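Participant: Provided below for reference: sequence and predicted model.
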Protein chains: 2
Amino acid sequence: MNASHTPDIGLTQSTVISVDAMGGDLGPAAVVAGAARSARKNPDIAFILHGPETELAPLVAKYPELQGKCTVHNAVGVVQMSDKPSQVMRSGKDTSMWSAIDAVRDKSAAVCVSCGNTGALMALSMVRLRKLPGVNRPAIAVMWPSRNPQGYNVMLDVGADIRADGEDLANYALMGVAYAREGLGLVRPRVGLLNVGTEENKGRAELKDAQERMEKMQRDAGFDYVGFVEGGDIGGTRCDVIVTDGFTGNIALKTGEGTAKLIGDFTRDAFTHSLWSKLGALCARGSLMRLRKRMDPRRSNGGVFIGLNGTVVKSHGSADELAVSSAIKLAFRLAQSGFTDHLAARVASAAALAQDDPQPQQNQE
Amino acid sequence: MNASHTPDIGLTQSTVISVDAMGGDLGPAAVVAGAARSARKNPDIAFILHGPETELAPLVAKYPELQGKCTVHNAVGVVQMSDKPSQVMRSGKDTSMWSAIDAVRDKSAAVCVSCGNTGALMALSMVRLRKLPGVNRPAIAVMWPSRNPQGYNVMLDVGADIRADGEDLANYALMGVAYAREGLGLVRPRVGLLNVGTEENKGRAELKDAQERMEKMQRDAGFDYVGFVEGGDIGGTRCDVIVTDGFTGNIALKTGEGTAKLIGDFTRDAFTHSLWSKLGALCARGSLMRLRKRMDPRRSNGGVFIGLNGTVVKSHGSADELAVSSAIKLAFRLAQSGFTDHLAARVASAAALAQDDPQPQQNQE
């Protein structure tokens, strides 16, 4: 097999994705299977897999489709789900997570994918890749199934940081807009700010501040600010990008996923309830499969860390082969579109605009 | 017809529900239709309907089932969705909402139901009914479809107040437990505190404070505290009562509802996609109807204001006949169970316990 410590010649013609093979709930077998699935579907991806070589080499050897496309980078340490980010930052140099991020840092890979501990992954990414100039807090963005023609909306932050002030939220708008452009092909995304619906609650200071900033920046930054939106609009048609702090976004994300799972279970119950319902399920099999595919959270797996010098995709900890493969597909698409460079340019020009014009003539607009 | 300014003799033998007929998106016709539906299903409910008599009397006259069960209380003012709570508190004495709450205050009705402006309804309820001794912030509690045997979990606060400190959250636990007892028949409800999953985020000060308080109070207050839970647990089996602040709870509620609606639409699309899928829907019709019923948000319509000297049920603004009738059913159940009195006793005894033992020996437990 071709596993070795340095990428072989074959890798240079492909887009290289750096994959942290450890730290997922299902272990490295699921991650390697996901990489193999991606390799079967897309011949233009190559991989650097990070983890203990003694564990990974036999797993990689099982898949002929990974031959010549996959390099194993030996890293014996594993970041556990219970590890504190500060610990990992101090003493995690030997871990597969550190090594996977460093492959993006030293440009041997375009994008990094990991199923590991979110807090540690964000902390390490910030230390090793550094924040983009003009970004105070990076964010995690996800794709959310929606009624919009593009099929998905973007929501951020879903958990990079539990706090965000008005400036952070305005920056999330810029970053989300960049992601919606590359990820969804939207020319002028519409941005909403997540809030509760009642009047008196609109007074939360950071939301008011963010609202003013976004109203001012929208024209030059190439998006339309639609105002406050509610939880029900996340999958709706009022906007394409939903901006919120990481605490609220994380609760919303997991509530949405939980609700979808619950309804999925109830639907399965319904179609196994009687002979007639089983027959119905058989008749509608094709449509049910399509529906399942459309709502399958494994297919939209992958939170993107935005605001760093390099792109990191966080996969669900519980990701299986299909989910890992979806995260890799997303990483590949972002690498191909030059997402990191485009985002850097956008944030830099917004920062420059803000400096040129610290007090835009709000009332005259 | 029996519409008059004072309840007639017939009402005294029934449980009287005070209904604000105005302020819903669909107007008084939907509210009166909802009351009529409830009257058909349950002969033990009587109504006082509040609103402009000239509008309501003709609507009531349409339903024979409301004859002898329904009194119209003339109130010409209507609280609009855009009215500020402070405005309504100052100058809303002539409104149907004020009048509907006052019927609970003066004991002519057991529980109040309104589809109107949430902020105004909460503000008026606080002023007219006053908070229970020991309660700093009242909360709005909802039933959430769940995998638990009782079919629903309780979540609060979903929007009474966007802020909550540790003591408020601990009080929400007591109030949610009382509601789960009366509403779901649980003897010893399990309580979870909504948070994001990652370690470093567990540091939010008010959540830590609330956690300590709930750990201490659980034994004497008759519940089990299960710790932090995530968005995916709201409809899950880890706990029966989910405690959170009103900002987060409102976002979670609307996100869950929005997701359910989105999936419902996608499912409908799937079953009209082809001839085979239509045939499937026909075969599985009974099961699909049951599923629809199980997930229908109109059937779990009704947020309960908890922590006041009197119970107010807030219906969705967009409630139709069925949804209004569900809110009335909930109000009736809470009235029958003596919910307000039980809750008052529970909060009072917890407050007494806290006073007796301001520093429980945490480490020795």
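Facilitator: Done, it's in. These numbers were taken from a predicted model, which means no experiment stands behind them.
Participant: Tell me which stretches of the stretch 251-365 of chain A form strands.
Facilitator: A:303-306, A:311-314 (DSSP state E, counting those that start in this stretch).
Participant: Kindly report the same for the stretch 101-250 of chain A.
Facilitator: A:111-114, A:139-145, A:152-156, A:190-194, A:224-229, A:241-243.
Participant: Assess the claim that A:Val142 and A:Met155 are in contact.
Facilitator: Yes: A:Val142 is in contact with A:Met155 according to C-beta atoms under 8 Å; the separation is 5.6 Å. Using the backbone N, CA and C atoms, a C-beta is placed for each residue, glycine as well.
Participant: what sits in contact with each of those two?
Facilitator: A:Leu253 (C-beta atoms under 8 Å, 6 or more residues apart in numbering or on different chains).
Participant: would you turn the strands of the stretch 251-365 of chain A into TSV with distance to A:Val31, mean pLDDT and mean neighbour count?
Facilitator: Written out in TSV, the entries for those read as follows (distance: least, C-beta to C-beta, whole Å; pLDDT from 0 to 100; neighbours: other C-beta atoms under 10 Å in any protein chain shown):
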stretch	distance to A:Val31	mean pLDDT	mean neighbour count
strand A:303-306	16	94	27
strand A:311-314	13	95	27
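Participant: Of those, give the one that comes closest to A:Leu66.
Facilitator: With distances scored as C-beta to C-beta, the stretch of these nearest to A:Leu66 is strand A:311-314 (19.2 Å).
Participant: ranges for the helices of the stretch 1-150 of chain A?
Facilitator: Along the stretch 1-150 of chain A, counting by DSSP state H, counting those that start in this stretch, helices occupy A:27-41, A:53-61, A:85-91, A:96-105, A:118-129.
Participant: how about the third one: buried residues?
Facilitator: For helix A:85-91, burial by neighbour count (16 or more other C-beta atoms under 10 Å in any protein chain shown) applies to A:Pro85, A:Val88, A:Met89.
Participant: Next: the second one.
Facilitator: With burial defined by 16+ other C-beta under 10 Å, the residues of helix A:53-61 counted as buried are A:Glu53, A:Glu55, A:Leu56, A:Leu59, A:Val60.
Participant: I'd like the strands of the stretch 101-250 of chain A written out as JSON lines, with distance to chain B, mean neighbour count and mean pLDDT added.
Facilitator: Output for the strands of the stretch 101-250 of chain A, formatted as JSON lines (distance: least, C-beta to the nearest C-beta, whole Å; neighbours: other C-beta atoms under 10 Å in any protein chain shown; pLDDT from 0 to 100):
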{"stretch": "strand A:111-114", "distance to chain B": "14", "mean neighbour count": "30", "mean pLDDT": "97"}
{"stretch": "strand A:139-145", "distance to chain B": "7", "mean neighbour count": "26", "mean pLDDT": "93"}
{"stretch": "strand A:152-156", "distance to chain B": "10", "mean neighbour count": "26", "mean pLDDT": "95"}
{"stretch": "strand A:190-194", "distance to chain B": "6", "mean neighbour count": "24", "mean pLDDT": "97"}
{"stretch": "strand A:224-229", "distance to chain B": "10", "mean neighbour count": "18", "mean pLDDT": "95"}
{"stretch": "strand A:241-243", "distance to chain B": "10", "mean neighbour count": "31", "mean pLDDT": "98"}
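Participant: Using TSV, please lay out those strands together with distance to B:Gly119.
Facilitator: Listed next are those as TSV, based on distance: least, C-beta to C-beta, whole Å:
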stretch	distance to B:Gly119
strand A:111-114	43
strand A:139-145	28
strand A:152-156	26
strand A:190-194	18
strand A:224-229	14
strand A:241-243	23
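Participant: among those, which is nearest B:Asn195?
Facilitator: Shortest distance between B:Asn195 and the strands of the stretch 101-250 of chain A, using C-beta to C-beta, is found for strand A:139-145: 16.7 Å.
Participant: Show me the shaky parts of chain A.
Facilitator: Screening chain A residue by residue with the criterion pLDDT under 70, one finds the ranges A:1-13, A:198-203, A:351-365.
Participant: how does it divide into domains?
Facilitator: Under the assignment automatic domain parsing, the domains of chain A span A:1-130+A:309-338, A:136-306.
Participant: Measure how buried the residue of the stretch 101-250 of chain A found nearest chain B is and give me the count.
Facilitator: Nearest residue of the stretch 101-250 of chain A to chain B (C-beta to the nearest C-beta) works out as A:Gly231 at 2.9 Å. Other residues within reach of A:Gly231, judged by other C-beta atoms under 10 Å in any protein chain shown, total 28.
Participant: so it touches B:Gly258, yeah?
Facilitator: Yes: when contacts are counted by C-beta under 8 Å, A:Gly231 is listed as touching B:Gly258 (5.7 Å).
Participant: hey, what's in contact with both of these two?
Facilitator: Residues touching both A:Gly231 and B:Gly258 (C-beta under 8 Å, 6+ apart): none.
Participant: Contacts made by stretch A:267-276 with the rest, please.
Facilitator: Under the criterion C-beta under 8 Å, 6+ apart, external residues in contact with stretch A:267-276 comprise A:277-278, A:280-281, A:288, B:267, B:283-288, B:290-291.
Participant: Return that stretch as CSV; C-alpha atoms alone will do.
Facilitator: Coordinates of each C-alpha in stretch A:267-276 appear next as CSV, following Å, rounded to 0.1, in the frame of the first residue of the first chain:
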residue,chain,number,x,y,z
THR,A,267,-43.2,8.4,10.8
ARG,A,268,-41.4,5.0,10.9
ASP,A,269,-43.8,4.0,13.7
ALA,A,270,-46.8,5.1,11.6
PHE,A,271,-45.7,3.1,8.5
THR,A,272,-45.2,-0.1,10.5
HIS,A,273,-48.5,0.2,12.4
SER,A,274,-50.7,-1.9,10.3
LEU,A,275,-50.7,-4.1,7.2
TRP,A,276,-52.3,-1.3,5.2
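Participant: which parts of the stretch 101-250 of chain A sit against chain B?
Facilitator: A:117-119, A:145-147, A:159, A:162, A:194, A:196-201, A:204, A:230-236, A:244, A:246-248, A:250 (C-beta under 8 Å from any C-beta of the partner chain).
Participant: Quick check on these: which are buried?
Facilitator: Buried residues within these, defined by neighbour count using 16+ other C-beta under 10 Å: A:117-119, A:145-146, A:159, A:162, A:194, A:196-201, A:230-236, A:244, A:246-248, A:250.
Participant: Quick check: helices, which of those are part of them?
Facilitator: A:Thr118, A:Gly119, A:Gly246, A:Phe247, A:Thr248, A:Asn250 (DSSP state H).
Participant: Excluding sequence neighbours, find me the nearest residue to the fourth one.
Facilitator: If I follow you right, that is A:Phe247. Among residues not flanking A:Phe247 along the chain, A:Ile162 sits closest, at 4.1 Å (C-beta to C-beta, 6 or more residues apart in numbering or on different chains).
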